[in-house]
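Visitor: Predicted model and sequence follow; I will ask about them next.
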Amino acid sequence: MIPPGIIRGALLILLAVVLALCLLIVGNRLVRSHRESRRERIVAPVRGSLLQLLCAEEDEQTELLNRLAETDRRTWAALEPTLAALLGKVAGGARTALIRLYELRGAAVDAVADLSSRSAARRGRAAQVLGQLSHRPAAPSLCRLLADHDPEVRLAATRALGRCGGPEAVPYLLESLHGARAVPPAAVIRALISLEPEAQRSVAAGLEHPQPLARAVAIEVLGATGVVSRTSEIARALREDPQIEVRVKAARALGRLGMPEGLEPLLAAVRPGQPVALRMVGAGALGALGAVAATGPLTELLGDPDRHVAATAARALLQLGPEGRAELQAAADDPSGGPAAAQARAVLAESAVGAARHDVRAEVAL
């Protein structure tokens, strides 16, 4: 049995720890509040000029730009977080004015220098600003940051390259998917999709990358950006790539691209014997492709032993228009019943409910 004295001591220690944590939290909040209040006081004299700049016509901006660009170092340091936040929210003339202000102040040059700072926070902040400014000369330095030891800095550099990078950034972004300092694929995909159309040729080169993940990402980007000129290469990846992940991405991309060359590879992908994940995605892609020639093969899949494949094929038939719906109705009315009839009835009922809801919303809107 534990002596009462030890229990009381443990409770007192626990109470002291809780109190210390509470004091720490309160102290941190007070410090943040003090810093924010101090920053607001410093920025107050120039806030009016900033608001005028955002609303001014182009021929009225020069004086305001000069006034803000000539602020002292302390005021600029307090104002800069507000400017960075505004860059991500405004567009048109207001955004152009903010970029001109950064240029007049020489802040872009300072941010490029900060990419080499020992402080991870400063490196990440600099990458964010350069991305928001779409500062193309910073792209080579940002590419180097893709291997930074800090994961947040790597993410900031990836996002920035999506805004200011060009074709030369594509190989670096694809390489950043691998190794101990890898960047999450979702971030790389968003960056590649954001690049200018001229970069898509470099993205297509990723179809021959030795790493499966790089090939999969390249295919997803080409499908999302609608690069129909690469349909045949993506179809070849669907047929021949040794990695199932790459083949699944290729099937989905062919559905998005909507080109006739995708039909035969997708029909082959849904045949029995192929991996279930590929057959399921392939069936959905056939529906997205909208090829009436896929009606028969998709109808055959209604009775597939795998219910996920069968359900996907049923929904794909709906996407094929009157021909697909007619096949579903025929399957649903089949007196012999069976799994195919059940799948057809379920999807038709789901479609009817969706149509009814749409009609109700339309009536409410009127």
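Guide: Yep, that arrived.

Visitor: right, and the helix or strand after the helix or strand harbouring L15?
Guide: Counting by DSSP states H and E, the element that carries L15 is helix 4-55. Using DSSP H and E, the helix or strand that follows helix 4-55 towards the C-terminus is helix 61-69.

Visitor: just the CA coordinates of that next one, formatted as CSV?
Guide: The C-alpha coordinates for helix 61-69 follow below in CSV (Å, rounded to 0.1, in the frame of the first residue of the first chain):
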residue,chain,number,x,y,z
GLN,A,61,0.2,55.5,-57.0
THR,A,62,3.7,57.0,-57.4
GLU,A,63,3.7,59.4,-54.5
LEU,A,64,2.1,56.8,-52.2
LEU,A,65,4.7,54.1,-53.3
ASN,A,66,7.6,56.4,-52.6
ARG,A,67,6.2,57.4,-49.2
LEU,A,68,5.8,53.8,-48.2
ALA,A,69,9.1,52.6,-49.7
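
Visitor: So which bits of that helix are buried?
Guide: Within helix 61-69, the residues that count as buried by 16 or more other CB atoms under 10 Å are Q61, L64, L65, L68, A69. In this view, the C-beta of every residue, glycine as well, is placed from N, C-alpha and C.

Visitor: Kindly report the same for stretch 284-304.
Guide: Buried residues in stretch 284-304 (16+ other CB under 10 Å): 284-289, 291, 294-295, 297-299, 301-304.

Visitor: Show me these that map onto helices.
Guide: The helices, defined by DSSP state H, take in G284, A285, L286, G287, A288, L289, T295, P297, L298, T299 from the buried residues of stretch 284-304.

Visitor: still on that earlier bit, if we take the buried residues of stretch 284-304, which one ends up nearest to C164?
Guide: A288 (32.8 Å; CB to CB).

Visitor: Figure out the helix or strand that the closest residue in space to the closest one that isn't next to it in sequence lives in.
Guide: Among residues not flanking A288 along the chain, G255 sits closest, at 3.5 Å (CB to CB, 6 or more residues apart in numbering). Using DSSP H and E, G255 maps to helix 244-257.

Visitor: Kindly report the same for A127.
Guide: With elements taken from DSSP H and E, the one containing A127 is helix 120-132.

Visitor: what residue ranges in the chain are flagged as low confidence?
Guide: Counting by pLDDT under 70, the chain shows low-confidence ranges at 1-2, 355-356, 358-366.
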